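Chemist: Got a sequence here, can you model it:
(chains A and B)
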Protein chains: 2
Amino acid sequence: MQTLHIIKIGGSIANNDDRLATFLENFVQIDTPKIVVHGGGTAATDLCNRLSIPVQMRDGRRITDKPALEVAVMVYAGLINKTIVARLQALSCNALGLSGADLNMIPAKKREHPDIDYGYVGDITPENINTYFIRRLLDEQVVPVFPAITHDGNGQLLNTNADAIASALTIALTSKYDTHLTYCFEKPGVLLDVEDDDSWIDRIDSDKYIQLKKDGIINEGMIPKLDTAFEALQQNVDHVHIKHADNLLNNIGTELTL
Amino acid sequence: MQTLHIIKIGGSIANNDDRLATFLENFVQIDTPKIVVHGGGTAATDLCNRLSIPVQMRDGRRITDKPALEVAVMVYAGLINKTIVARLQALSCNALGLSGADLNMIPAKKREHPDIDYGYVGDITPENINTYFIRRLLDEQVVPVFPAITHDGNGQLLNTNADAIASALTIALTSKYDTHLTYCFEKPGVLLDVEDDDSWIDRIDSDKYIQLKKDGIINEGMIPKLDTAFEALQQNVDHVHIKHADNLLNNIGTELTL
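Modeler: Below you'll find the model as predicted:
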């Protein structure tokens, strides 16, 4: 089977000109089919602040009312997505930005929660992803670039966690490709001490993850990311890594195994 | 040859929920290959105002410094584009938003002018448009939705007049399709008296246009639009109309002829 790399980059890369440039120069050297998924949280927060839109968070997830959704769409699907696409094109990489609404790529369901109204937040299931067009595009050497925006199929755009999109996309494509899911961020991997960047571990399996979570060693902000990463492995994704964006092309980072 | 409709909608439609809904419901009834091109000027101006970014205009064209470009990308390629795409998807129309950077659809050249620095404004030529992918997408019943954003091929996004994009796209595709270019806006057509909506004319040819311009009868804001429209006819586009968005499916409006 052909190898497919799905690489998620966090806001700290997407919002930093130099880090983004380094990442993209490395990324285009991957000579297999590849996909980028990006967040952009801090830029959306900055714009919310400039527009005096209050930012509400709960359990590490943004509460998305209508003004916050509009900011997310503008920043993620607009500014950050098109900046990445234009820069990839400059590197002769035929990028195409795809929100979940474009080509109906990622239908989502507005989150229902008994106690918390998350607002315009969409949850996704891998089997609803429109893999037909993704595969057609990959066959044409196109590189899809997905922002953290989906839709409900009834005309409503939704904010969806980028880690979850990357995981779901990889799961949806794992029967057709040898799938490599990589989360790139500003740390060298999963840390045993959030204050110490040298404390990253080479490898973590699901038993160790459960133990480290129970012992309170895994930083709380990492838990949703690791949950989506292990979910990918459980759903037959072949390889999952968490690493510093600068280490995209080398072996430094944390490998996740079942 | 197959018919292709390329429909440009102005900001007064794109920014108005009800007008946009009516337009899109009509638009999806066109049963040939079709493309939407949209502006969004007033929404970008509103966001500039909220962010205290001064809006500069000259000769009816926006002067685009870096903050104004970011706003244009966020509003045109982000919020308005994805809103249109999501609503078309809700109408079972398989829309795909495409800035000029996506798939390198519309390479542009930063405008050089001896006296005026227009900033990040891109001029386009029809022969540079990437018709290969547009045709592939149209063959797959995809409906491209183009915002007024292009790129220079070196990583720089550019603001480009939506009328000019619609005209250039139609010119680029006219050898392959029977092309229909329609500019939809909030007036019933070309007016002989800008204060009187009943003064629209059925038909205008290039001689009459030159005469009406000379006599100062054509409203100044209409001149760039009519120039791009007549340019399309001169470059072998088959049909060009200017009409009210509500009249998309009927014959009311101004037909342009050479």
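Chemist: what's next to stretch A:190-207, contact-wise?
Modeler: Residues from elsewhere that reach stretch A:190-207 (Cβ atoms under 8 Å, 6 or more residues apart in numbering or on different chains): A:187-189, A:212, A:217-219, A:222, A:226, A:230, A:233-234, A:242, A:253-258. For the C-beta atoms, the positions are set from N, CA and C on the backbone; glycine is no exception.
Chemist: for stretch A:40-48, same thing?
Modeler: Identification of contacts with stretch A:40-48 by Cβ under 8 Å, 6+ apart yields A:10-12, A:14-15, A:54-55, A:62, A:67-68, A:71-72, A:74-76, A:79-80, A:147-148.
Chemist: what's the offset of the host helix or strand of A:Ile204 from the middle of its chain?
Modeler: Assigned by DSSP states H and E, A:Ile204 falls within strand A:203-205. Computed by Cα atoms, centre = their mean, to the nearest Å, the chain-centroid distance of strand A:203-205 equals 20 Å.
Chemist: Name the residues of the very next helix or strand once past that strand that are buried.
Modeler: Downstream of strand A:203-205, the first helix or strand assigned by DSSP H and E is helix A:206-214. Neighbour counts over helix A:206-214 (16 or more other Cβ atoms under 10 Å in any protein chain shown) mark A:Tyr209, A:Leu212 as buried.
Chemist: is chain B contacted by the helix or strand containing A:Ala172?
Modeler: A:Ala172 is located in helix A:162-173, with elements delineated by DSSP H and E. No. Taking Cβ under 8 Å from any Cβ of the partner chain as the criterion, helix A:162-173 and chain B are apart, separated by no less than 14.9 Å.
Chemist: Could you do stretch A:23-32 as well?
Modeler: No. Between stretch A:23-32 and chain B, judged by Cβ under 8 Å from any Cβ, nothing touches; the nearest distance is 9.3 Å.
Chemist: Most proximal residue of the stretch 1-150 of chain A with respect to chain B?
Modeler: Closest contact between the stretch 1-150 of chain A and chain B, by Cβ to the nearest Cβ, is at A:Gly78 (2.1 Å).
Chemist: Could you verify that that residue is part of a helix?
Modeler: Yes. Counting by DSSP: H, G, I helix; E, B strand; the rest coil, A:Gly78 is part of a helix.
Chemist: unless I'm mixing things up, it is touching B:Leu79, no?
Modeler: Yes. Contact criterion Cβ atoms under 8 Å: A:Gly78 and B:Leu79 qualify, at 6.6 Å.
Chemist: For those two, work out which one has more neighbours and name it.
Modeler: With neighbours defined as other Cβ atoms under 10 Å in any protein chain shown, A:Gly78 and B:Leu79 compare such that A:Gly78 has more, 33 against 27.
Chemist: Nearest spatial neighbour of that one, chain-adjacent residues omitted?
Modeler: Once flanking residues are discounted, A:Gly78 sits nearest to B:Gly78: 2.1 Å by Cβ to Cβ, 6 or more residues apart in numbering or on different chains.
Chemist: what does A:Gln29 give?
Modeler: A:Leu249 (6.3 Å).
Chemist: what's the burial count for that neighbour?
Modeler: Residues near A:Leu249, counting by other Cβ under 10 Å, number 11.
Chemist: Can you tell me how far it is from A:Asp163?
Modeler: The gap separating A:Leu249 from A:Asp163 is 21 Å, by Cβ to Cβ, to the nearest Å.
Chemist: next one: A:Lys213
Modeler: Using Cβ to Cβ, we find A:Lys213 at a distance of 16 Å from A:Asp163.
Chemist: again with A:Asn247
Modeler: Counting by Cβ to Cβ - A:Asn247 and A:Asp163 are separated by 18 Å.
Chemist: So between the two, which is more surrounded?
Modeler: Higher neighbour count among A:Asn247 and A:Asp163: A:Asp163, with 23 against 16, using other Cβ under 10 Å.
Chemist: so that one touches A:Leu226, yeah?
Modeler: No. Judged on Cβ under 8 Å, A:Asp163 makes no contact with A:Leu226 at a distance of 9.2 Å.
Chemist: By mean pLDDT, which helix or strand of chain A comes out lowest?
Modeler: Across the helices and strands of chain A, mean confidence by mean pLDDT, DSSP states H and E is lowest for strand A:61-63: a mean of 72.
Chemist: C-terminal to that strand, what's the next element?
Modeler: Heading C-terminal from strand A:61-63, the first helix or strand you meet, by DSSP H and E, is helix A:66-72.
Chemist: rewinding a little: pull out the buried positions in the strand holding A:Ile204.
Modeler: By 16+ other Cβ under 10 Å, the buried positions in strand A:203-205 come out as A:Ile204.
Chemist: repeat for stretch A:173-189
Modeler: Neighbour-count burial for stretch A:173-189 flags A:173-174, A:177, A:179-185, A:187-189 (criterion: 16+ other Cβ under 10 Å).
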